[in-house]
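Engineer: No sequence on hand, only this structure:
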């Protein structure tokens, strides 16, 4: 019996009742991988492309945005962590560190897992300017010039998710000029004054626990 069975059972119940199009959107391209542990998925979505088998020694449970998790979900997470000591299961969760004070259930779960020596916490620092250049180059296929890299670094404050959103928005609005050799800010005055509106919640640092 896999140590993550409670999550599989909970997700199986959701898959059986979720609206089909919503389920298809949420599963997206990883549906074949999810189907290796969620047999209900192909029953709802139909035949899926073949996927590689998931070896037991590589089993991972990834949980994002734990600051939004309710008490029942966090209790289930602690239960799974406490009962999988002999299993080859890596649980990786992410949350915004500045949300911790206002999320007592999450704070309590972290303290419990830490006290039982079942948690390793990794603080994710903002990207440096060189990292912003590297990520922007991957997104655009060409390196940004110095002015663009500085603007993106300041605008995103080193948040990789926000950086991707800013690059996408600037591309769509014509702020960026991309040539075969480099990317730069458009020469128009409107483009040089453009600032991407963003939510302050996207700027908060994240922590990950495993």
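Structural biologist: Now that the structure is in, tell me what you want to look at. Everything quoted here is computed from the prediction, not taken from an experiment.
Engineer: Ends of stretch 97-112, what's the gap?
Structural biologist: Stretch 97-112 has an end-to-end distance of 17 Å (C-alpha to C-alpha, to the nearest Å).
Engineer: can you give me how far it is from the chain middle?
Structural biologist: Average the C-alpha atoms of stretch 97-112, do the same for its chain, and the two points are 19 Å apart (C-alpha atoms, centre = their mean, to the nearest Å).
Engineer: Could you list the buried residues of it?
Structural biologist: 99, 103, 105, 106, 109, 110, 112 (16 or more other C-beta atoms under 10 Å). Where C-beta positions appear, they are placed from N, C-alpha and C, glycine not excepted.
Engineer: Let's test this: mean pLDDT of that stretch, rounded?
Structural biologist: For stretch 97-112, mean pLDDT rounds to 89.
Engineer: Over to stretch 17-28?
Structural biologist: Here the average pLDDT along stretch 17-28 is 88.
Engineer: Then stretch 135-149?
Structural biologist: Mean per-residue pLDDT for stretch 135-149: 94.
Engineer: Which parts of this protein are strands?
Structural biologist: If DSSP state E is used as the criterion, the strands of the chain fall at 59-63, 89-96, 121-124, 176-178, 183-185, 206-209.
Engineer: Show the secondary-structure elements that the third one is packed against.
Structural biologist: Okay, so that is strand 121-124. Judged by 3 or more C-beta pairs under 8 Å, 6 or more residues apart in numbering; DSSP states H and E, strand 121-124 is in contact with strand 206-209.
Engineer: follow-up on the earlier one: select from the strands of the chain the stretch with the lowest mean pLDDT.
Structural biologist: When I compare the strands of the chain, strand 206-209 is least confident, with a mean of 54.
Engineer: Pick out the residue nearest the middle of this structure.
Structural biologist: In the chain, the residue lying closest to the centroid (C-alpha atoms, centre = their mean) is residue 64, at 5.7 Å.
Engineer: So that one is in contact with residue 161, correct?
Structural biologist: No. Applying C-beta atoms under 8 Å, one finds residue 64 not in contact with residue 161, separated by 10.9 Å.
Engineer: Count the residues that sit near residue 35.
Structural biologist: Each residue near residue 35 was counted by other C-beta atoms under 10 Å, and the total is 19.
Engineer: could you measure it against residue 43, distance?
Structural biologist: Using C-beta to C-beta, to the nearest Å, we find residue 35 at a distance of 9 Å from residue 43.
Engineer: Helices along the protein, start to end?
Structural biologist: 5-17, 20-27, 31-34, 40-45, 71-82, 104-115, 129-140, 146-156, 160-173, 189-193 (DSSP state H).
Engineer: Using CSV, please lay out those helices together with distance to residue 179.
Structural biologist: As requested, the helices of the chain are arranged in CSV below (distance: least, C-beta to C-beta, whole Å):
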stretch, distance to residue 179
helix 5-17, 46
helix 20-27, 35
helix 31-34, 37
helix 40-45, 42
helix 71-82, 48
helix 104-115, 46
helix 129-140, 10
helix 146-156, 12
helix 160-173, 13
helix 189-193, 15
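Engineer: which one of those helices lies closest to residue 180?
Structural biologist: Across those, residue 180 has its closest neighbour in helix 129-140 (11.2 Å, C-beta to C-beta).
Engineer: roughly how far out does that closest one sit from the chain middle?
Structural biologist: 18 Å.
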